[in-house]
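1. fold the following and give me the result.
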Amino acid sequence: MKTTFFILMLVFKLALSAQSVHVGDAVLPFTLRNVDGKMVSLNDYPRAKGFVVVFTCNHCPFARLYTKRLNDLSRTYGPKGFVVLAVNSSDNVLLEGESFDKMVAEARTQHLEFPYLQDEQQIVARSFGATRTPQAFVLLKENGRLTIEYQGAIDDNGAEPDKVIHHYLADALNNLLNGKPVLVSETKSVGCAIKLKSRL
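-> So this is what the prediction gives:
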């Protein structure tokens with residue numbers, strides 16, 4: 001009887017390990033360590049109109065397909081007020097290739113043009129309900145609040161960027177910059193699962 005109760009409690013706690021967030025929900029600013037060793041906070045960008053937060057990592061082949069595209073997005077939308085931030089929430093104990101030193105090397109090798117932040121305690125991944133890499137969130141800053149305006153895939157073709165039909169993330173940003181509602185506000189992220197550490 002005690003064993004059954006323990007198993008039920010374990011399942012319940014695991015089910016609550018990452019909260020579910022939806023478009024329109026508010027999220028709190030976070031502060032994480034960048035690959036340059038400095039702490040980066042959303043509050044460091046008081047003039048930003050919003051943020052593009054992309055959960056990614058070193059080892060996932062799906063995530064690695066988007067490095068150049070994220071650089072392009074940062075160059076295009078950063079000057080327009082939407083700051084691109086990459087967040088690595090992978091378990092760096094289970095996955096040696098996700099250590100901070102490996103992140104630093106990856107940022108240099110891939111010539112990342114945006115902050116690459118370590119979410120070592122997976123607090124940000126849990127608060128956003130992130131489950132995949134890559135998984136993108138567009139945050140709009142209004143009246144001191146950050147609300148999710150888009151979440152999901154960056155586009156519809158990771159393997160062949162020249163054959164992308166739907167630029168979900170860019171379309172969402174263009175809608176917001178033009179004062180329009182985001183037409184496609186949620187899509188399914190395709191990639192590697194973010195394995196959350198047990199909090200038991």
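2. just confirm M39 contacts P115, I think it does.
-> No. Between M39 and P115 there is no contact under Cβ atoms under 8 Å: 10.3 Å. All C-beta spots, glycine's among them, are computed from the backbone N, C-alpha and C.
3. neighbour count winner among these two?
-> P115 (20 against 10; other Cβ atoms under 10 Å).
4. ok, the more buried one to G129 distance?
-> 21 Å (Cβ to Cβ, to the nearest Å).
5. swap in A172?
-> 18 Å.
6. pick out whichever of these two has more residues nearby.
-> A172 (27 against 17).
7. name the element that one belongs to?
-> helix 168-177 (DSSP states H and E).
8. now what about the following helix or strand past that helix, what contacts it?
-> Note on helix 168-177: by DSSP H and E, the next helix or strand toward the C-terminus is strand 192-193. For strand 192-193, contacts defined as Cβ atoms under 8 Å, 6 or more residues apart in numbering pick out C57, H59, C60, P61, F62, A63, T131, R132, T133.
9. by neighbours, which of those residues wins?
-> Neighbour-wise, the contacts of strand 192-193 (other Cβ under 10 Å) top out at T133, 28 neighbours.
10. just the pLDDT for it.
-> On the pLDDT scale, T133 is placed at 97.
11. what ranges does this protein have for its strands?
-> With strands called from DSSP state E, the chain shows them at 26-27, 31-34, 39-41, 50-56, 82-88, 116-118, 132-133, 135-142, 145-152, 192-193.
12. ignoring the adjacent residues along the chain, who's closest to L32?
-> Once flanking residues are discounted, L32 sits nearest to L117: 3.8 Å by Cβ to Cβ, 6 or more residues apart in numbering.
13. so what's that neighbour bridging to?
-> In this structure, L117 bridges to N34, V87 when assessed by DSSP bridges.
14. that one - how many residues pack around it?
-> L117 - counted by other Cβ under 10 Å - has 23 other residues nearby.
15. can you check E120 too?
-> A count of nearby residues for E120, using other Cβ under 10 Å, gives 18.
16. help me confirm that it comes into contact with V93.
-> No. The criterion here is Cβ under 8 Å, and E120 misses it with V93 at 9.5 Å.
17. would you mind measuring from the nearest residue to D25 once chain neighbours are set aside to K38?
-> Spatial nearest neighbour of D25, chain neighbours left out: I148 (5.3 Å); criterion: Cβ to Cβ, 6+ apart. According to Cβ to Cβ, I148 stands 26 Å off from K38.
18. the more surrounded of those two?
-> Neighbour tally, I148 and K38, criterion other Cβ under 10 Å: the higher count belongs to I148, 21 against 9.
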